[in-house]
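[1] Sequence first, predicted model second:
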Amino acid sequence: MSEVIYHNATITEVLPQSVKVRIERGTACDTCYNKSACNVSAKTSAMIYTIPTTEAQTYSVGETVKVGISVHAGLKATLYAYIIPLILMAIAFAICCCFTSNELWQAMAAVGVLVIYYIVLSRFKHRFNRQFNYSIEKLFNMEN
């Protein structure tokens, strides 16, 4: 059984077959004893995710929910977003080093490969989204 990472989120929009949620990304400052003396903010920007669900109409805007994604899917996302581009960049740089000693051209080749990779990745975003299965659960308040 795969481990699941959960985050609390707020519903921002309810669509016919999905819901959009906002997840606040915290920093390490949240648990720091000295955060009141620091100028770094306790929260960074939030991320908006679209979570497909057949029960979309049971949620309401502003409701707090628990969103989960498997650890395996998170590692796969890291592979696509960071590891593969790094490898492609290193290969492009090495190949360019064989053909020219101009460092500007070597750097441009490495960055050019990144641009092409991320354009291709964005073109096939819909295929990648199918690989990442999110779960969504209601949080029940314990207030009476």
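    On my side now, so go ahead.
[2] which residues are in contact with the longest helix along the chain?
    Ranked by number of residues, the top helix in the chain under DSSP state H is helix 103-123. Applying CB atoms under 8 Å, 6 or more residues apart in numbering, the external contacts of helix 103-123 come out as 80, 84-85, 88-93, 95-97, 100, 128. From N, CA and C alone the C-beta is placed, and that goes for glycine too.
[3] Over to stretch 82-92?
    Stretch 82-92 has contacts (CB under 8 Å, 6+ apart) with 109-114, 117-118.
[4] Quick one: mean pLDDT for that stretch?
    Average pLDDT, stretch 82-92: 95.
[5] buried sites along that stretch?
    Buried positions in stretch 82-92, judged by neighbour count with 16 or more other CB atoms under 10 Å: 85, 89, 92.
[6] Let me see the backbone angles for residue 84.
    phi -60, psi -50 (degrees, to the nearest 10).
[7] how close does it sit to residue 90?
    11 Å (CB to CB, to the nearest Å).
[8] Would you mind listing where the chain has pLDDT under the threshold?
    1-2, 25-45, 141-144 (pLDDT under 70).
[9] one more time with 50
    Along the chain, the model assigns pLDDT under 50 to residues 1, 37, 39-43, 142-144.
[10] residue ranges of the strands in it, please?
    Along the chain, the stretches classed as strands by DSSP state E are 4-14, 18-26, 43-52, 64-70, 134-138.
[11] Need those in JSON lines (columns: distance to residue 104).
    Converted to JSON lines, these look like this (distance: least, CB to CB, whole Å):
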{"stretch": "strand 4-14", "distance to residue 104": "42"}
{"stretch": "strand 18-26", "distance to residue 104": "36"}
{"stretch": "strand 43-52", "distance to residue 104": "33"}
{"stretch": "strand 64-70", "distance to residue 104": "41"}
{"stretch": "strand 134-138", "distance to residue 104": "43"}
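[12] which one of the contacts of helix 103-123 is nearest residue 10?
    residue 128 (24.7 Å; CB to CB).
[13] Right, I'll leave it there.
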